[in-house]
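Enquirer: Predicted model and sequence below, questions to follow.
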Amino acid sequence: MTRVGIGLRSPHVTAIAAVRPPLGFLEVHAENYMAETTALDRLLELRRDYPVSLHGVALSLGGAEELERGHLGRFKALIECLEPMLVSEHLAWSAIGGAYLNDLLPLPYTEESLDLFCHHVEEAQDALGRRLLIENPASYLRYRHSSTPEAEFLAEIARRTGCGILFDVNNIYVSARNFGFDPLGYLDTLPAEMIGEIHLAGHRAAQDVDILIDDHGSRVAEPVWELYAEALRRLGPVPALIEWDTNLPALEGLLDEARHAQELVNVRCHLDAA
Amino acid sequence: MPKSWSMSAVTSTLLELQTRIGRAVLGGDIAEIADAIEGDGLDPAARLGIYRNHAFATLGAALEATFPVVCRLVDERFFAYAVHEYLREHPPRSRCLVEYGADFPDFLAGFQPCKDLPYLADVARFEWALHIAATIREAPSLQMDALAAIPAERAGYIGFRLQPSVSYFASSWPIDAIWQANQEGEVPPVDLASGGTSLEIRRADEAVAWRRLDSGTFAFRMALAGGVVLAAAIANATQRDPEFDASVGLQRMLAGGLAVDFSILPEGA
């Protein structure tokens, strides 16, 4: 059985509805479906044939202010409407002073922000009535006063709140390249049993500086596939997602990537059985 | 979480950090925050600039998708400049980007560098109405016989809720003609002196549609859409067009599926 899904983008909706390709699930950005839109109607139609994973990008769990109750309420209503198989969010903040920045901004990894983030995860899990998976970010900056490595910070959040972890393999690769750490060491720091989903995506090199950018705009890079294979060895076949959000190819391009991810799962299962 | 845990004590320094970063991401001075960021072999400003560029690029792309003709009228470079200024002053309040840009037309109306395109803000208002019609779900229409049980003397106090995807929009410029001309590769000439328009924009048969309404019908429906009760909406309409036939107007409005619900203002209210 396939456990690999793809991120649903509006230009692909018609093709998916027509072809009904074999996919483990579809993942959508929760915020794209919180209004009473025709897009939600089309998603509800696809929902009859596919499990849906809800990926929030704007709860701003790392925000120093209170969580926005209105947004939580809309998130909760969408969960009730879609009955998603997974609900996830980010180790990041994205709103301040009433302004939504549409960015996944990094947190300083301190005791202060650990307490705050855990408080918000617990609050959100209570309000939504669901366990969250928290995704590791792709990072382009670190703060001088960060005192804890990110992997330890994320592991501690899972331990304290009982939330799961969404392990984004591309983000780890990008961050590890940008800051010169060992991505497998990062993975080994995370509690494997808490990892409930994997993300796979493409990245690009920044134009003027030696930085990788997580832009979800191309095929998954070879070293990211290699890391994924390593992750499978450690984690087993957790649900995996192909994310492709910019420079979108035709649906077949995403299905190709999903098939490749599934092949790696099959190889792993075969090796484990042998 | 232990009871002694205090949000305010824990968040004060983080709040200050995020407030400064928020300002920088929205176009403020990055130098203000650079001292908090590890260089790691790069200028800290360049690192924060990656986040800022992402915010501006994605929010700008959302606005360009909603306002493509505005973008075409002013050209892409000017549009990017206008968007930049708009984002700084009006960052999204809702975290659902489909709702972002409702006040962009008003911003353009007051944006001095656009002053030589007096119809630009109205083109933006029209495109926002198209965006609403394209994205917002239609609700089941009120049945024609839903009002049958209402006593005649209360009929004037009926207030309707119209389709959430429908908009009414009037301009002293031929906005629909300007918009239509800009769908072509080579923009044909538009007679700007040809007069204004009163438009109804909605979704019909899965597609966005608009049409020009006569002055009475427009005044009637616009008033109802604004929450005005039936008697007052009829008065609005007959003021614009003494020939306006109220019963025909009401019947057409219902037959067109425009109303989704109604309520009756209580007596004495």
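Expert: Noted; the coordinates are in hand. What you are looking at is a predicted structure, and each value in this text was computed from that prediction instead of being measured.
Enquirer: Just list the residues touching residue 157, thanks.
Expert: Picking chain A for this. A:91, A:114, A:117, A:118, A:121, A:134, A:163 (C-beta atoms under 8 Å, 6 or more residues apart in numbering or on different chains). For every residue, glycine as well, the C-beta is placed using N, CA and C.
Enquirer: Chain B, not that one
Expert: Contact partners of residue B:157, counting by C-beta under 8 Å, 6+ apart, are B:229, B:230, B:231, B:264, B:265, B:267, B:269.
Enquirer: So the first one is in contact with residue B:263, correct?
Expert: When you say that, I think you mean residue B:229. No. With the criterion set as C-beta atoms under 8 Å, residue B:229 and residue B:263 do not qualify as a contacting pair; they are 9.5 Å apart.
Enquirer: Now for these two: what residues contact both?
Expert: Common contacts of residue B:229 and residue B:263 (C-beta under 8 Å, 6+ apart): B:158, B:159.
Enquirer: Compare these two and say which is more crowded by neighbours.
Expert: residue B:229 (20 against 11; other C-beta atoms under 10 Å in any protein chain shown).
Enquirer: Give me the phi and psi angles of that one.
Expert: For residue B:229, the backbone dihedrals are phi -70, psi 160 (criterion: degrees, to the nearest 10).
Enquirer: can you tell me how far it sits from chain A?
Expert: Summarising the geometry, the distance separating residue B:229 from chain A, computed by C-beta to the nearest C-beta, to the nearest Å, is 25 Å.
Enquirer: sorry, back to before: sitting in strands, which of the contacts of residue A:157 do you find?
Expert: Judged by DSSP state E, the contacts of residue A:157 include residue A:134 as members of strands.
Enquirer: If any of the contacts of residue A:157 are buried, give me the PyMOL selection for them.
Expert: The PyMOL command for the buried members of these (criterion: 16 or more other C-beta atoms under 10 Å in any protein chain shown) is given here:
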select buried, chain A and resi 91+114+117+118+121+134+163
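Enquirer: hang on, the earlier thing: could you dump the contacts of residue B:157 to JSON lines with secondary structure and pLDDT?
Expert: JSON lines is the format used below for the contacts of residue B:157 (DSSP: H, G, I helix; E, B strand; the rest coil; pLDDT from 0 to 100):
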{"residue": "B:229", "secondary structure": "coil", "pLDDT": "96"}
{"residue": "B:230", "secondary structure": "helix", "pLDDT": "96"}
{"residue": "B:231", "secondary structure": "helix", "pLDDT": "96"}
{"residue": "B:264", "secondary structure": "strand", "pLDDT": "93"}
{"residue": "B:265", "secondary structure": "coil", "pLDDT": "87"}
{"residue": "B:267", "secondary structure": "coil", "pLDDT": "70"}
{"residue": "B:269", "secondary structure": "coil", "pLDDT": "57"}
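Enquirer: Please tell me which one of those residues counts the most neighbours.
Expert: Going by other C-beta under 10 Å, residue B:230 tops these with 24 neighbours.
Enquirer: Check whether that residue really touches residue B:158, as I assumed.
Expert: Yes. Residue B:230 is within contact range of residue B:158, at 4.6 Å (criterion: C-beta under 8 Å).
Enquirer: Who are the contact partners of the residue of the stretch 151-269 of chain B found nearest chain A?
Expert: Of all residues in the stretch 151-269 of chain B, residue B:164 sits closest to chain A, with a separation of 6.8 Å (C-beta to the nearest C-beta). Contact partners of residue B:164, counting by C-beta under 8 Å, 6+ apart, are A:36, B:132, B:136, B:137, B:138, B:139, B:260.
Enquirer: Of these, which pair is most distant in space?
Expert: The largest distance within these, taken as C-beta to C-beta, falls between B:132 and B:260 and amounts to 14.8 Å.
Enquirer: more neighbours, those two?
Expert: residue B:132 (22 against 16).
Enquirer: So which bits of the helix or strand hosting the more buried one are buried?
Expert: Under the criterion DSSP states H and E, the helix or strand holding residue B:132 is helix B:120-135. By neighbour count, and taking 16+ other C-beta under 10 Å as the criterion, the buried residues in helix B:120-135 are B:120-135.
Enquirer: for that helix, packing partners?
Expert: When contacts are defined as 3 or more C-beta pairs under 8 Å, 6 or more residues apart in numbering or on different chains; DSSP states H and E, helix B:120-135 packs onto helix A:38-47, helix B:44-66, helix B:68-74, helix B:104-109, strand B:167-171, helix B:175-181, strand B:197-204, strand B:207-212.
Enquirer: any chance of those in a markdown table, with mean neighbour count, mean pLDDT and distance to residue A:250 too?
Expert: Formatted as a markdown table, the entries for the helices and strands packed on helix B:120-135 read as follows, by neighbours: other C-beta atoms under 10 Å in any protein chain shown; pLDDT from 0 to 100; distance: least, C-beta to C-beta, whole Å:
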| stretch | mean neighbour count | mean pLDDT | distance to residue A:250 |
| --- | --- | --- | --- |
| helix A:38-47 | 16 | 96 | 18 |
| helix B:44-66 | 18 | 95 | 20 |
| helix B:68-74 | 20 | 97 | 23 |
| helix B:104-109 | 19 | 98 | 32 |
| strand B:167-171 | 20 | 96 | 34 |
| helix B:175-181 | 19 | 95 | 30 |
| strand B:197-204 | 20 | 94 | 27 |
| strand B:207-212 | 13 | 93 | 24 |
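Enquirer: Now do the same contact list for the nearest residue to residue B:215 once chain neighbours are set aside.
Expert: Of all residues not flanking residue B:215 in the chain, residue B:240 sits nearest, at 4.4 Å (C-beta to C-beta, 6 or more residues apart in numbering or on different chains). Taking C-beta under 8 Å, 6+ apart as the criterion, residue B:240 is in contact with B:215, B:216, B:218, B:219.
Enquirer: correct me, but the first one touches residue B:241?
Expert: Yes. Assessed by C-beta under 8 Å, residue B:215 is found in contact with residue B:241 at 5.0 Å.
Enquirer: who's more crowded, these two?
Expert: Neighbours were tallied for residue B:215 and for residue B:241 using other C-beta under 10 Å; the higher tally belongs to residue B:241 (17 against 14).
Enquirer: my read: that one touches residue B:219, true?
Expert: Yes. With contacts defined as C-beta under 8 Å, residue B:241 counts as touching residue B:219 at a distance of 7.4 Å.
Enquirer: Surely residue A:9 and residue A:246 touch.
Expert: No. Contact criterion C-beta under 8 Å: residue A:9 and residue A:246 do not qualify, at 9.6 Å.
Enquirer: These two: which has the busier surroundings?
Expert: The residue with the greater number of neighbours, taking residue A:9 and residue A:246 and applying other C-beta under 10 Å, is residue A:9; the counts read 19 against 14.
Enquirer: what about residue 242, how many residues close to it?
Expert: Reading this off chain A. Other residues within reach of residue A:242 by the criterion other C-beta under 10 Å amount to 26.
Enquirer: my question was about chain B
Expert: Using other C-beta under 10 Å, residue B:242 is surrounded by 8 other residues.
Enquirer: With residue A:266 instead?
Expert: Going by other C-beta under 10 Å, the residues that sit close to residue A:266 add up to 12.
Enquirer: Show me the contact partners of the helix or strand containing residue A:272.
Expert: With elements taken from DSSP H and E, the one containing residue A:272 is helix A:251-273. For helix A:251-273, contacts defined as C-beta under 8 Å, 6+ apart pick out A:2-7, A:12, A:15-16, A:19, A:21, A:23, A:200, A:219-220, A:225, A:228-229, A:232-233, A:236-237, A:240, A:242, A:244.
Enquirer: These in helices, which ones?
Expert: Secondary structure assignment by DSSP state H places A:15, A:16, A:19, A:225, A:228, A:229, A:232, A:233 of those in helices.
Enquirer: what's the spacing between the residue nearest to the fifth one when sequence neighbours are not counted and chain B?
Expert: Nearest in space to residue A:228, with sequence neighbours left out and distances taken as C-beta to C-beta, 6+ apart, is residue A:169 at 5.0 Å. Between residue A:169 and chain B the distance is 20 Å, computed by C-beta to the nearest C-beta.
Enquirer: Hmm, residue A:169 is touching residue A:203, no?
Expert: No. Using C-beta under 8 Å as the test, residue A:169 is too far from residue A:203 to be in contact (10.8 Å).
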